[in-house]
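Participant: Here's my sequence, what's the structure:
(one chain, ligands or ions: 1)
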Amino acid sequence: MKIEKCVQGGAGFARLPNGSVCFVDGALPGEVVEIKVIEKKKDFVKAGIVKILEPNIKRRIPPCQYYGKCGGCNAQYAEFELQIELLRQIILDLFSRTAKISLPQNFEIHYGAEWGYRCRAKVFFQMRGSNTIIPVEKCMILSKKLNEKLKEISLTKRVRLFDNQSEFYLGKHIYADESVFFQNNLQLLPKLIDEVRRAAGKGKLLLDIFCGVGLFSAFLQSEFERVIAIEQNPLCQKFAEKNLGKNCAFYTTSAEEWLGKNAGILSDACVLIDPPRTGISNEACDILCKNKTGKLIYVSCNPATLARDTRKLLNCGYELTNIQGFAFYPQTFHLEIMAVFNPSCT
Ligand SMILES: C[S@@+](CC[C@H](N)C(=O)[O-])C[C@H]1O[C@@H](n2cnc3c(N)ncnc32)[C@H](O)[C@@H]1O
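Facilitator: Take a look at the predicted model:
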(Lines give C-alpha, C1' and ligand atoms only; values in the text may rest on other atoms or scores of the structure.)
Protein backbone atom coordinates (compact mmCIF):
# COMPACT_ATOMS: atom_id res chain seq x y z
CA MET A 1 0.00 0.00 0.00
CA LYS A 2 1.14 3.56 -0.67
CA ILE A 3 0.13 5.83 2.22
CA GLU A 4 -1.49 9.07 1.05
CA LYS A 5 -1.76 10.96 4.35
CA CYS A 6 -2.35 10.62 8.08
CA VAL A 7 -5.82 11.13 9.49
CA GLN A 8 -7.24 12.20 12.86
CA GLY A 9 -5.83 9.82 15.49
CA GLY A 10 -2.65 9.31 13.45
CA ALA A 11 -3.38 6.29 11.25
CA GLY A 12 -2.05 6.25 7.69
CA PHE A 13 -4.71 6.47 4.95
CA ALA A 14 -4.57 4.43 1.77
CA ARG A 15 -6.95 2.98 -0.79
CA LEU A 16 -7.18 -0.73 -1.51
CA PRO A 17 -7.15 -1.77 -5.21
CA ASN A 18 -10.98 -2.05 -5.05
CA GLY A 19 -11.15 1.61 -3.98
CA SER A 20 -12.15 1.05 -0.36
CA VAL A 21 -10.48 2.99 2.41
CA CYS A 22 -7.76 1.42 4.53
CA PHE A 23 -6.41 2.87 7.79
CA VAL A 24 -2.91 1.62 8.55
CA ASP A 25 -1.78 1.94 12.16
CA GLY A 26 1.71 3.46 12.48
CA ALA A 27 2.18 4.35 8.80
CA LEU A 28 3.44 7.73 7.58
CA PRO A 29 2.61 9.70 4.42
CA GLY A 30 4.52 8.65 1.31
CA GLU A 31 5.49 5.27 2.76
CA VAL A 32 5.07 2.02 0.90
CA VAL A 33 4.13 -0.70 3.38
CA GLU A 34 3.14 -4.33 3.40
CA ILE A 35 0.00 -4.61 5.52
CA LYS A 36 -2.09 -7.15 7.37
CA VAL A 37 -5.83 -6.51 7.62
CA ILE A 38 -6.89 -6.53 11.29
CA GLU A 39 -10.55 -5.61 11.04
CA LYS A 40 -13.04 -5.33 8.19
CA LYS A 41 -15.90 -2.83 8.51
CA LYS A 42 -18.65 -2.00 6.03
CA ASP A 43 -16.95 1.13 4.66
CA PHE A 44 -13.28 0.64 5.52
CA VAL A 45 -10.63 -1.77 6.78
CA LYS A 46 -8.13 -1.38 9.60
CA ALA A 47 -4.63 -2.76 9.06
CA GLY A 48 -1.24 -3.07 10.73
CA ILE A 49 2.21 -2.85 9.16
CA VAL A 50 3.99 -6.11 8.37
CA LYS A 51 6.98 -4.51 6.65
CA ILE A 52 7.96 -0.98 5.66
CA LEU A 53 9.21 -1.20 2.08
CA GLU A 54 9.87 2.53 1.56
CA PRO A 55 10.01 4.55 4.80
CA ASN A 56 9.31 8.27 5.15
CA ILE A 57 12.72 9.97 5.55
CA LYS A 58 11.52 11.51 8.82
CA ARG A 59 10.64 8.15 10.37
CA ARG A 60 12.78 7.35 13.44
CA ILE A 61 13.24 4.55 15.94
CA PRO A 62 10.96 5.44 18.88
CA PRO A 63 13.35 6.87 21.52
CA CYS A 64 11.44 5.54 24.54
CA GLN A 65 12.29 2.04 25.79
CA TYR A 66 8.64 1.43 26.76
CA TYR A 67 7.22 2.32 23.34
CA GLY A 68 4.64 -0.27 22.27
CA LYS A 69 4.26 -1.66 25.81
CA CYS A 70 2.93 1.57 27.32
CA GLY A 71 -0.32 2.81 25.78
CA GLY A 72 0.78 6.47 25.35
CA CYS A 73 2.98 8.40 22.93
CA ASN A 74 1.82 6.80 19.68
CA ALA A 75 3.57 9.34 17.40
CA GLN A 76 7.14 8.69 18.56
CA TYR A 77 8.11 7.03 15.29
CA ALA A 78 7.93 10.42 13.52
CA GLU A 79 10.60 13.08 14.04
CA PHE A 80 9.16 16.01 15.97
CA GLU A 81 9.27 18.31 12.94
CA LEU A 82 7.19 15.76 11.03
CA GLN A 83 4.77 15.39 13.98
CA ILE A 84 3.98 19.12 13.74
CA GLU A 85 3.55 18.89 9.96
CA LEU A 86 1.25 15.87 10.36
CA LEU A 87 -0.88 17.75 12.91
CA ARG A 88 -1.18 20.61 10.43
CA GLN A 89 -2.21 18.32 7.56
CA ILE A 90 -4.69 16.43 9.78
CA ILE A 91 -6.35 19.70 10.87
CA LEU A 92 -6.54 21.08 7.31
CA ASP A 93 -8.07 17.80 6.12
CA LEU A 94 -10.51 17.57 9.04
CA PHE A 95 -11.72 21.15 8.63
CA SER A 96 -12.10 20.71 4.90
CA ARG A 97 -14.20 17.54 5.33
CA THR A 98 -16.17 18.29 8.52
CA ALA A 99 -16.34 22.08 8.79
CA LYS A 100 -16.35 22.45 4.97
CA ILE A 101 -13.84 25.29 5.05
CA SER A 102 -10.29 25.67 3.80
CA LEU A 103 -7.89 26.82 6.46
CA PRO A 104 -4.71 28.57 5.24
CA GLN A 105 -2.08 26.01 4.19
CA ASN A 106 0.35 27.65 6.63
CA PHE A 107 -2.10 27.28 9.55
CA GLU A 108 0.16 28.02 12.51
CA ILE A 109 0.97 25.44 15.17
CA HIS A 110 2.99 26.75 18.11
CA TYR A 111 5.25 24.26 19.82
CA GLY A 112 7.69 23.96 22.71
CA ALA A 113 9.91 21.18 24.05
CA GLU A 114 9.47 17.73 22.57
CA TRP A 115 10.19 15.88 25.85
CA GLY A 116 9.77 16.49 29.60
CA TYR A 117 6.75 18.73 29.10
CA ARG A 118 4.00 16.97 31.04
CA CYS A 119 3.18 18.37 34.46
CA ARG A 120 0.06 16.31 35.08
CA ALA A 121 -0.52 12.61 34.50
CA LYS A 122 -2.63 9.61 35.41
CA VAL A 123 -0.21 6.75 35.93
CA PHE A 124 -0.69 3.00 36.06
CA PHE A 125 2.03 0.52 35.24
CA GLN A 126 0.04 -1.91 33.15
CA MET A 127 1.22 -3.29 29.83
CA ARG A 128 -0.95 -2.21 26.89
CA GLY A 129 -3.67 -4.81 26.24
CA SER A 130 -2.72 -7.13 29.13
CA ASN A 131 -2.70 -7.37 32.93
CA THR A 132 1.09 -7.55 33.19
CA ILE A 133 2.64 -4.91 35.43
CA ILE A 134 5.65 -3.14 33.91
CA PRO A 135 7.78 -1.00 36.21
CA VAL A 136 8.55 2.27 34.43
CA GLU A 137 11.65 3.94 35.84
CA LYS A 138 11.52 7.03 33.69
CA CYS A 139 8.89 8.51 31.43
CA MET A 140 10.41 10.75 28.75
CA ILE A 141 7.44 13.10 28.45
CA LEU A 142 7.00 13.77 32.19
CA SER A 143 8.61 16.79 33.87
CA LYS A 144 11.70 16.20 36.02
CA LYS A 145 9.66 16.56 39.20
CA LEU A 146 7.01 14.04 38.09
CA ASN A 147 9.76 11.58 37.19
CA GLU A 148 11.03 11.86 40.77
CA LYS A 149 7.50 11.22 42.06
CA LEU A 150 7.20 8.22 39.71
CA LYS A 151 9.93 6.41 41.66
CA GLU A 152 7.93 6.71 44.89
CA ILE A 153 4.55 5.35 43.82
CA SER A 154 3.20 1.83 44.14
CA LEU A 155 3.33 -0.29 41.00
CA THR A 156 -0.17 -1.66 41.46
CA LYS A 157 -2.08 1.57 42.04
CA ARG A 158 -3.55 4.09 39.63
CA VAL A 159 -2.18 7.46 40.69
CA ARG A 160 -2.77 11.04 39.59
CA LEU A 161 0.42 13.11 39.55
CA PHE A 162 0.59 16.89 39.48
CA ASP A 163 3.78 18.90 39.35
CA ASN A 164 2.35 21.96 40.99
CA GLN A 165 4.41 24.61 39.25
CA SER A 166 1.04 26.26 38.72
CA GLU A 167 1.22 27.50 42.31
CA PHE A 168 3.37 30.30 41.07
CA TYR A 169 2.78 30.71 37.41
CA LEU A 170 3.50 33.65 35.11
CA GLY A 171 3.80 35.96 38.08
CA LYS A 172 0.57 34.80 39.75
CA HIS A 173 -0.50 32.23 42.29
CA ILE A 174 -2.82 29.83 40.50
CA TYR A 175 -4.33 27.38 42.95
CA ALA A 176 -5.19 23.85 41.80
CA ASP A 177 -4.42 20.25 42.72
CA GLU A 178 -4.57 16.81 41.11
CA SER A 179 -8.31 16.41 41.84
CA VAL A 180 -9.35 19.02 39.25
CA PHE A 181 -8.60 19.80 35.63
CA PHE A 182 -5.43 21.73 34.92
CA GLN A 183 -3.62 22.26 31.62
CA ASN A 184 -0.67 19.91 31.41
CA ASN A 185 1.90 21.64 29.25
CA LEU A 186 2.97 24.55 31.42
CA GLN A 187 5.81 25.48 29.07
CA LEU A 188 3.50 26.21 26.13
CA LEU A 189 0.55 27.45 28.19
CA PRO A 190 1.81 31.09 28.34
CA LYS A 191 1.62 31.20 24.54
CA LEU A 192 -2.01 30.00 24.61
CA ILE A 193 -2.91 32.45 27.41
CA ASP A 194 -1.23 35.22 25.44
CA GLU A 195 -3.18 34.46 22.27
CA VAL A 196 -6.47 34.15 24.19
CA ARG A 197 -5.73 37.46 25.93
CA ARG A 198 -4.90 39.12 22.60
CA ALA A 199 -8.09 37.74 20.99
CA ALA A 200 -10.27 38.81 23.94
CA GLY A 201 -8.93 42.36 24.16
CA LYS A 202 -10.66 44.59 26.71
CA GLY A 203 -14.32 44.92 27.51
CA LYS A 204 -17.22 45.13 29.92
CA LEU A 205 -18.04 41.47 30.41
CA LEU A 206 -16.07 38.23 30.04
CA LEU A 207 -17.93 34.91 30.31
CA ASP A 208 -15.49 32.09 31.04
CA ILE A 209 -17.55 28.95 30.43
CA PHE A 210 -15.99 25.57 31.35
CA CYS A 211 -13.57 27.62 33.46
CA GLY A 212 -12.04 24.89 35.68
CA VAL A 213 -10.20 26.69 38.49
CA GLY A 214 -10.49 29.97 36.56
CA LEU A 215 -7.10 29.84 34.85
CA PHE A 216 -7.95 32.03 31.84
CA SER A 217 -10.04 34.47 33.90
CA ALA A 218 -7.14 34.88 36.31
CA PHE A 219 -5.09 36.31 33.45
CA LEU A 220 -7.92 38.23 31.75
CA GLN A 221 -9.81 39.69 34.71
CA SER A 222 -7.82 42.92 34.70
CA GLU A 223 -8.96 43.63 31.11
CA PHE A 224 -12.68 43.35 31.86
CA GLU A 225 -15.01 45.28 34.15
CA ARG A 226 -16.81 42.08 35.12
CA VAL A 227 -16.10 38.34 34.75
CA ILE A 228 -18.58 35.47 35.14
CA ALA A 229 -16.95 32.04 35.42
CA ILE A 230 -18.98 28.83 34.99
CA GLU A 231 -17.81 25.34 35.94
CA GLN A 232 -19.80 22.25 36.85
CA ASN A 233 -17.20 20.46 38.97
CA PRO A 234 -17.79 21.58 42.60
CA LEU A 235 -14.18 20.71 43.52
CA CYS A 236 -13.01 23.69 41.44
CA GLN A 237 -14.82 26.28 43.54
CA LYS A 238 -12.37 26.56 46.43
CA PHE A 239 -9.49 27.09 44.00
CA ALA A 240 -11.40 29.51 41.77
CA GLU A 241 -12.30 31.64 44.77
CA LYS A 242 -8.59 32.12 45.42
CA ASN A 243 -7.65 32.58 41.76
CA LEU A 244 -10.32 35.11 40.88
CA GLY A 245 -10.51 38.75 41.88
CA LYS A 246 -13.33 40.92 43.23
CA ASN A 247 -14.78 41.67 39.77
CA CYS A 248 -15.37 37.93 39.15
CA ALA A 249 -18.36 35.77 40.05
CA PHE A 250 -17.95 31.97 40.00
CA TYR A 251 -20.96 29.64 39.56
CA THR A 252 -20.91 25.89 40.06
CA THR A 253 -23.39 24.85 37.40
CA SER A 254 -23.50 23.34 33.95
CA ALA A 255 -22.86 25.49 30.89
CA GLU A 256 -26.24 24.45 29.52
CA GLU A 257 -28.18 25.44 32.61
CA TRP A 258 -26.40 28.77 33.01
CA LEU A 259 -26.67 29.69 29.32
CA GLY A 260 -30.34 28.68 29.30
CA LYS A 261 -31.10 31.19 32.08
CA ASN A 262 -28.76 34.00 30.98
CA ALA A 263 -28.91 34.01 27.17
CA GLY A 264 -29.95 37.68 27.29
CA ILE A 265 -26.52 38.96 28.29
CA LEU A 266 -24.53 37.10 25.64
CA SER A 267 -24.63 39.86 23.03
CA ASP A 268 -22.66 42.21 25.31
CA ALA A 269 -20.06 39.66 26.29
CA CYS A 270 -16.79 38.25 25.15
CA VAL A 271 -17.45 34.52 25.61
CA LEU A 272 -14.59 32.11 26.20
CA ILE A 273 -15.44 28.40 26.01
CA ASP A 274 -13.01 25.57 26.75
CA PRO A 275 -15.14 22.42 26.77
CA PRO A 276 -14.02 18.80 27.34
CA ARG A 277 -13.22 16.53 24.36
CA THR A 278 -16.91 16.10 23.54
CA GLY A 279 -17.11 19.76 22.49
CA ILE A 280 -20.20 21.92 23.05
CA SER A 281 -23.48 20.09 23.53
CA ASN A 282 -26.29 20.69 21.02
CA GLU A 283 -28.19 22.51 23.74
CA ALA A 284 -25.36 24.98 24.49
CA CYS A 285 -24.54 25.41 20.79
CA ASP A 286 -28.18 26.23 19.97
CA ILE A 287 -28.18 28.95 22.64
CA LEU A 288 -24.93 30.45 21.28
CA CYS A 289 -26.42 30.34 17.77
CA LYS A 290 -29.72 31.97 18.68
CA ASN A 291 -28.10 34.60 20.93
CA LYS A 292 -24.96 35.82 19.17
CA THR A 293 -22.13 36.73 21.49
CA GLY A 294 -19.98 39.83 21.10
CA LYS A 295 -16.99 37.59 20.41
CA LEU A 296 -16.62 33.86 20.88
CA ILE A 297 -13.23 32.33 21.72
CA TYR A 298 -13.28 28.55 21.54
CA VAL A 299 -10.33 26.66 23.08
CA SER A 300 -10.50 23.00 22.11
CA CYS A 301 -8.55 19.85 22.93
CA ASN A 302 -10.33 17.84 20.21
CA PRO A 303 -10.15 19.07 16.60
CA ALA A 304 -12.90 16.65 15.52
CA THR A 305 -15.54 18.20 17.80
CA LEU A 306 -14.18 21.70 17.12
CA ALA A 307 -14.60 21.14 13.35
CA ARG A 308 -18.16 19.85 13.95
CA ASP A 309 -19.05 22.86 16.15
CA THR A 310 -17.36 25.26 13.71
CA ARG A 311 -19.72 24.14 10.97
CA LYS A 312 -22.74 24.74 13.26
CA LEU A 313 -21.47 28.20 14.26
CA LEU A 314 -20.76 29.18 10.63
CA ASN A 315 -24.22 27.94 9.60
CA CYS A 316 -25.88 30.27 12.06
CA GLY A 317 -23.91 33.33 11.02
CA TYR A 318 -20.65 33.45 12.96
CA GLU A 319 -17.41 34.09 11.08
CA LEU A 320 -14.16 32.34 11.88
CA THR A 321 -11.61 35.15 12.22
CA ASN A 322 -8.59 33.48 13.79
CA ILE A 323 -7.45 29.89 14.34
CA GLN A 324 -4.13 28.64 15.76
CA GLY A 325 -2.80 25.33 17.00
CA PHE A 326 -0.72 24.60 20.10
CA ALA A 327 1.24 21.33 20.22
CA PHE A 328 0.55 20.66 23.90
CA TYR A 329 1.05 16.90 23.66
CA PRO A 330 4.21 16.02 21.68
CA GLN A 331 4.60 12.31 20.81
CA THR A 332 0.82 12.04 20.36
CA PHE A 333 -1.58 13.14 17.64
CA HIS A 334 -3.40 15.49 20.04
CA LEU A 335 -3.19 19.28 20.22
CA GLU A 336 -5.02 22.33 21.55
CA ILE A 337 -6.63 24.78 19.14
CA MET A 338 -7.88 28.30 19.70
CA ALA A 339 -10.59 29.45 17.28
CA VAL A 340 -12.10 32.94 17.37
CA PHE A 341 -15.59 33.60 16.00
CA ASN A 342 -17.26 36.96 15.46
CA PRO A 343 -20.93 37.51 14.76
CA SER A 344 -21.17 38.36 11.05
CA CYS A 345 -22.28 41.87 10.12
CA THR A 346 -24.80 40.66 7.51
C1 LIG B 1 -10.87 21.34 29.18
S2 LIG B 1 -11.30 21.76 30.84
C3 LIG B 1 -10.95 23.49 30.82
C4 LIG B 1 -10.76 24.15 32.17
C5 LIG B 1 -10.15 25.55 32.18
N6 LIG B 1 -10.63 26.38 31.10
C7 LIG B 1 -8.64 25.51 32.18
O8 LIG B 1 -8.03 25.82 31.14
O9 LIG B 1 -8.04 25.15 33.20
C10 LIG B 1 -13.05 21.64 30.78
C11 LIG B 1 -13.76 21.94 32.07
O12 LIG B 1 -15.17 21.92 31.83
C13 LIG B 1 -15.84 21.30 32.91
N14 LIG B 1 -17.14 20.83 32.36
C15 LIG B 1 -17.38 19.70 31.64
N16 LIG B 1 -18.65 19.68 31.21
C17 LIG B 1 -19.22 20.82 31.67
C18 LIG B 1 -20.53 21.37 31.52
N19 LIG B 1 -21.48 20.75 30.84
N20 LIG B 1 -20.78 22.57 32.11
C21 LIG B 1 -19.81 23.23 32.80
N22 LIG B 1 -18.55 22.75 32.97
C23 LIG B 1 -18.26 21.57 32.40
C24 LIG B 1 -14.89 20.24 33.39
O25 LIG B 1 -15.15 19.91 34.75
C26 LIG B 1 -13.52 20.93 33.20
O27 LIG B 1 -13.12 21.61 34.35
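
Participant: per-domain residue ranges of the protein.
Facilitator: Structural domains annotated on the chain: 1-57, 87-112+167-343, as defined by automatic domain parsing.

Participant: close to the ligand, is the last one?
Facilitator: Yes - applying CB under 6 Å from any ligand atom, one finds domain 87-112+167-343 in contact with the ligand at 181-183, 210-212, 215-216, 230-233, 254-256, 274-276, 301. Heads up, the C-betas are built off the backbone N, CA and C, glycines and all.

Participant: Span of that domain from start to end?
Facilitator: Distance across domain 87-112+167-343, first residue to last, is 28 Å (CA to CA, to the nearest Å).

Participant: partner strands of the strand of greatest length in the chain, parallel or antiparallel?
Facilitator: Across the chain, the longest stretch assigned as strand under DSSP state E is strand 44-54. The partner list of strand 44-54 in its sheet, established with DSSP bridges, is strand 21-24 (parallel), strand 32-40 (antiparallel).

Participant: my read: Ala176 touches Ser166, true?
Facilitator: Yes - Ala176 is within contact range of Ser166, at 5.4 Å (criterion: CB atoms under 8 Å).

Participant: Common neighbours of these two, please.
Facilitator: Phe182 (CB atoms under 8 Å, 6 or more residues apart in numbering).

Participant: and the residue of the stretch 51-200 of the chain nearest the ligand?
Facilitator: Taking CB to the nearest ligand atom, the ligand has its nearest neighbour within the stretch 51-200 of the chain at Phe181, 3.8 Å off.

Participant: State the distance from the closest residue to that residue other than its chain neighbours to Arg97.
Facilitator: Among residues not flanking Phe181 along the chain, Gly212 sits closest, at 4.6 Å (CB to CB, 6 or more residues apart in numbering). Counting by CB to CB, to the nearest Å, the separation of Gly212 from Arg97 is 31 Å.

Participant: Give me the more crowded residue out of these two.
Facilitator: Per other CB atoms under 10 Å, whichever of Gly212 and Arg97 has more neighbours is Gly212, with 21 against 11.

Participant: Can you check the pLDDT for Lys157?
Facilitator: Looking at Lys157, its pLDDT reads 78.

Participant: Grab the nearest non-local neighbour of it.
Facilitator: Once flanking residues are discounted, Lys157 sits nearest to Phe124: 7.3 Å by CB to CB, 6+ apart.

Participant: Give me the neighbour count for that neighbour.
Facilitator: Phe124 is surrounded by 13 other residues when neighbours are defined as other CB under 10 Å.

Participant: go on, Phe181?
Facilitator: Residues contacting Phe181 under the criterion other CB under 10 Å number 18.

Participant: same deal with the one 5 residues further on?
Facilitator: Counted with other CB under 10 Å, residues neighbouring Leu186 total 22.

Participant: ends of stretch 256-272, how far apart?
Facilitator: From the first residue to the last, stretch 256-272 extends over 14 Å; the measure is CA to CA.

Participant: Next, find the distance separating whichever residue of the stretch 101-250 of the chain sits closest to the ligand from Ser281.
Facilitator: Of the residues in the stretch 101-250 of the chain, the one nearest the ligand is Gly212, at a distance of 2.8 Å by CB to the nearest ligand atom. The gap separating Gly212 from Ser281 is 18 Å, by CB to CB.

Participant: Could you do Arg128 as well?
Facilitator: Taken as CB to CB, the span from Arg128 to Ser281 is 32 Å.

Participant: quick one: which of those two has more around it?
Facilitator: The residue with more neighbours, out of Arg128 and Ser281, is Ser281; 15 against 12, by other CB under 10 Å.

Participant: Now do the more buried one, the pLDDT please.
Facilitator: In this model, Ser281 is scored at 97, pLDDT.

Participant: In this structure Gly212 contacts Phe182, no?
Facilitator: Yes - with the criterion set as CB under 8 Å, Gly212 and Phe182 qualify as a contacting pair; they are 6.9 Å apart.

Participant: so what sits against both of these two?
Facilitator: Contact criterion CB under 8 Å, 6+ apart; residues shared by Gly212 and Phe182: Ala176.

Participant: Go ahead and confirm Leu146 touches Arg118.
Facilitator: Yes - at 6.8 Å, Leu146 and Arg118 qualify as touching, with contact defined as CB under 8 Å.

Participant: Which one's more surrounded, the two?
Facilitator: The residue with more neighbours, out of Leu146 and Arg118 and counting by other CB under 10 Å, is Arg118; that gives 24 against 20.
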